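Chemist: Have a look; sequence and predicted model below, questions after that.
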Amino acid sequence: EAGVTQSPTHLIKTRGQQATLRCSPISGHTSVYWYQQALGLGLQFLLWYDEGEERNRGNFPPRFSGRQFPNYSSELNVNALELEDSALYLCASSLDGIAEAFFGQGTRLTVV
Amino acid sequence: AQSVAQPEDQVNVAEGNPLTVKCTYSVSGNPYLFWYVQYPNRGLQFLLKYITGDNLVKGSYGFEAEFNKSQTSFHLKKPSALVSDSALYFCAVRDGGYQKVTFGIGTKLQVIP
């Protein structure tokens, strides 16, 4: 069974540009979570989608946004990139809002 | 608001010795607790969870964790550490079902040969 897949693996953008990160959950999983892992800051919760709806949002500015598609895959968009947005962005999926989450390998975003 | 604390940035233990990685939490409802491990340049791997039932939970790779409601703790343990256990360990909590999952800052475990 395929795990959570994220693309691209690495992404280099210039300050002010937009970045789009993609995530495909495990088959059958309806919940998708996005986390930012910056050096020394642990995992910071970004967004949670379930059944196509945004269920919760972390303490990030509105330029971080996303959506979940009918096939439960998800996209994270970061507008007006800043240098401090450089981080590993992790996507996870779970069967529902109770079960444990399974993580993808992440997208390493570098803003220069 | 829910929160998780991992009081130790790093834990060093000799190979073959027992290990403990500490975690305390704060929730308003019933806690759903998780442990994950992250190896370098990899995503997080699920180790174990506590939802309800026995306070001692057994998970992958010989790890276990003990839920202590009075101390609001969920410490990760292993009877005999392996060098290959060296990694970053994250504790996480969900405040009841259908809530977001909050992670601790992580504890680096170093097992010394």
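Modeler: Right, received. Where do you want to start?

Chemist: From here on, just use CA atoms for contacts and neighbour counts.
Modeler: Will do.

Chemist: What residue, apart from its backbone neighbours, is nearest A:S7 spatially?
Modeler: On the basis of CA to CA, 6 or more residues apart in numbering or on different chains, the spatially nearest residue to A:S7 that is not a chain neighbour turns out to be A:R22, at 5.3 Å.

Chemist: Would you check how far apart that neighbour and B:N41 are?
Modeler: Between A:R22 and B:N41 the distance, using CA to CA, to the nearest Å, works out to 18 Å.

Chemist: The helix or strand that contains the residue nearest to A:S7 pairs with which strands, and in what direction?
Modeler: Under DSSP states H and E, the secondary-structure element containing A:R22 is strand A:19-24. Using DSSP bridges, the strands paired with strand A:19-24 in its sheet are strand A:5-7 (antiparallel), strand A:74-78 (antiparallel).

Chemist: Can you add mean pLDDT and mean neighbour count and give these back as TSV?
Modeler: Output for these, formatted as TSV (pLDDT from 0 to 100; neighbours: other CA atoms under 10 Å in any protein chain shown):
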stretch	mean pLDDT	mean neighbour count
strand A:5-7	97	20
strand A:74-78	98	20
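
Chemist: picking up where we left off before, roughly how far apart are the residue nearest to A:S7 and A:R67?
Modeler: Using CA to CA, one gets 10 Å for the distance from A:R22 to A:R67.

Chemist: B:S84: neighbour count?
Modeler: When neighbours are counted by other CA atoms under 10 Å in any protein chain shown, B:S84 registers 11.

Chemist: what's near enough to touch it?
Modeler: The neighbours of B:S84, taking CA atoms under 8 Å, 6 or more residues apart in numbering or on different chains as the test, are B:V111.

Chemist: try the one 4 residues further on
Modeler: The neighbourhood of B:L88, defined by CA under 8 Å, 6+ apart, consists of B:V37, B:Q38, B:Y39, B:G106, B:T107, B:K108, B:L109.

Chemist: Minimum distance to B:A14: which of the strands paired with strand A:19-24 has it?
Modeler: Closest approach to B:A14 among these (CA to CA): strand A:5-7, 35.6 Å.

Chemist: elements contacting the helix or strand following the closest one?
Modeler: Along the chain past strand A:5-7, the next helix or strand (assigned with DSSP H and E) turns out to be strand A:10-13. Under the contact criterion of 3 or more CA pairs under 8 Å, 6 or more residues apart in numbering or on different chains; DSSP states H and E, strand A:10-13 touches strand A:107-111.

Chemist: Please identify the buried residues of the strand it packs on?
Modeler: Burial within strand A:107-111, assessed by neighbour count using 16 or more other CA atoms under 10 Å in any protein chain shown, is assigned to A:T107, A:R108, A:L109, A:T110, A:V111.

Chemist: who touches A:V32 in this structure?
Modeler: By CA under 8 Å, 6+ apart, the contact set of A:V32 is A:P25, A:W48, A:Y49, A:D50, A:Q68, A:Y72, A:S73, A:S74, A:C91, A:A92, A:S93, A:S94.
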